[in-house]
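Asker: Got a predicted structure here, sequence first:
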Amino acid sequence: MMAQSKYILALLTFITIGMIIGSLFQLAFIWRLEEPSGTSHWENDKEASLLRLGLVKPEILSWSPRVILFHNFLSMEGMKSDVRTSSGMFLSSEERKYPIIEAIEKRIAVFSQVPAENGELIQVLRYETSQLYRPHHDYFSDTFNLKRGGQRVATMLMYLSDDVEGGETYFPMAGSGECSCGGKVVKGLCVKPNKGDAVLFWSMGLDGETDPNSLHGGCAVLRGEKWSATKWMRQKASF
């Protein structure tokens, strides 16, 4: 029994170290893209311009769950929200071919390190005053949704407006501090919607298992309208 316990402990230690190393490699890749040299280094590079290299600024918010805030992820052109006017709508396969959408999806693929073809169609959402989204997981717990593309690996949540009070993205299981969620003080991590920023978080760990700590929600909007666009990424291509 003692030998078995030591084996299990060693295995768990190995997995934990692997997850940390994997996270560091991914973050090192992101930081390498965002050199402190500014935009001048990339000004004649069309591909770099498409990816907004030198403009996007990553900020690590949490290791468990893994949450990264990308400041200035979208340009003003990429934040136009007149494609749809309903409260919630997925962009169509044809709209996915628009140059602006293609550029955004390629940017998401580079910064998340998940192939663009593994992503679901972008969903544009509008939250009006008092509307919210209660804490939930993005990963699936049923077999039906897993048949097409496998499990959801990560989510990129992009903010399209910031003239709003409340509407924070809330991670109850992240950190040990307190934050303001729709005007209420709660435990966890809250990200204020800021136009052009994007939050990337993982629903699965580097061990391939779903991460319960990825629980998140949308806090109540107190004033104004909150516009956002969400991109879910799967284990394999199917969309």
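Answerer: Noted; the coordinates are in hand.
Asker: Every contact and neighbour count from this point should use C-alpha atoms.
Answerer: Fine.
Asker: In this protein, where is pLDDT below threshold?
Answerer: Counting by pLDDT under 70, the chain has low-confidence residues at 1-46, 77, 79-87, 239.
Asker: rerun at 90
Answerer: Across the chain, residues meeting the criterion (pLDDT under 90) sit at 1-55, 64, 75-97, 143, 147-148, 162-163, 175-176, 205-208, 237-239.
Asker: the helices in it, which residues?
Answerer: Secondary structure of the chain by DSSP state H: the helices cover 2-33, 46-51, 99-112.
Asker: so Gln123 bridges to which residues?
Answerer: Phe90, Thr230 (DSSP bridges).
Asker: pull the CA atoms of stretch 57-70 into CSV?
Answerer: Below are the C-alpha coordinates for stretch 57-70, written out as CSV (Å, rounded to 0.1, in the frame of the first residue of the first chain):
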residue,chain,number,x,y,z
LYS,A,57,-0.4,43.3,-24.3
PRO,A,58,-0.9,40.1,-22.3
GLU,A,59,-1.5,40.1,-18.6
ILE,A,60,-1.7,36.9,-16.5
LEU,A,61,-4.6,37.0,-14.2
SER,A,62,-4.7,33.5,-12.8
TRP,A,63,-2.8,30.2,-13.0
SER,A,64,-5.7,28.0,-11.8
PRO,A,65,-7.9,28.4,-13.7
ARG,A,66,-5.5,29.7,-16.5
VAL,A,67,-6.8,33.1,-17.4
ILE,A,68,-5.0,35.7,-19.5
LEU,A,69,-6.2,39.2,-20.3
PHE,A,70,-5.1,40.6,-23.6
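Asker: Touching that stretch from outside, list them.
Answerer: Outside stretch 57-70, the residues that touch it by Cα atoms under 8 Å, 6 or more residues apart in numbering are 30-31, 34, 56, 71-73, 173-175, 197-203, 211, 213-214.
Asker: Mind doing that once more with 6 Å?
Answerer: For stretch 57-70, the external contacting residues (Cα atoms under 6 Å, 6 or more residues apart in numbering) are His71, Asp197, Ala198, Val199, Leu200, Phe201, Trp202, Asn213, Ser214.
Asker: Now, those residues that are in strands?
Answerer: Assignment to strands by DSSP state E places the following of the contacts of stretch 57-70 there: His71, Ala198, Val199, Leu200, Phe201, Trp202.
Asker: between the residues you listed, which is nearest Phe140?
Answerer: Minimum separation from Phe140 among the ones in strands among the contacts of stretch 57-70 (Cα to Cα) is found for Trp202, which lies at 13.1 Å.
Asker: ok so, going back, which of the ones in strands among the contacts of stretch 57-70 sit farthest apart?
Answerer: Set against one another by Cα to Cα, those have their most distant pair in His71 and Trp202, with a gap of 17.8 Å.
Asker: next one: stretch 193-200 to chain centre, how far?
Answerer: With Cα atoms, centre = their mean, to the nearest Å as the basis, the distance from the averaged C-alpha position of stretch 193-200 to the chain average is 9 Å.
Asker: all numbers from here: first residue = 59
Answerer: Yep, numbering from 59; the last one is stretch 251-258 now.
Asker: That stretch spans what distance, first to last residue?
Answerer: The distance separating the two terminal residues of stretch 251-258, taken as Cα to Cα, to the nearest Å, comes to 13 Å.
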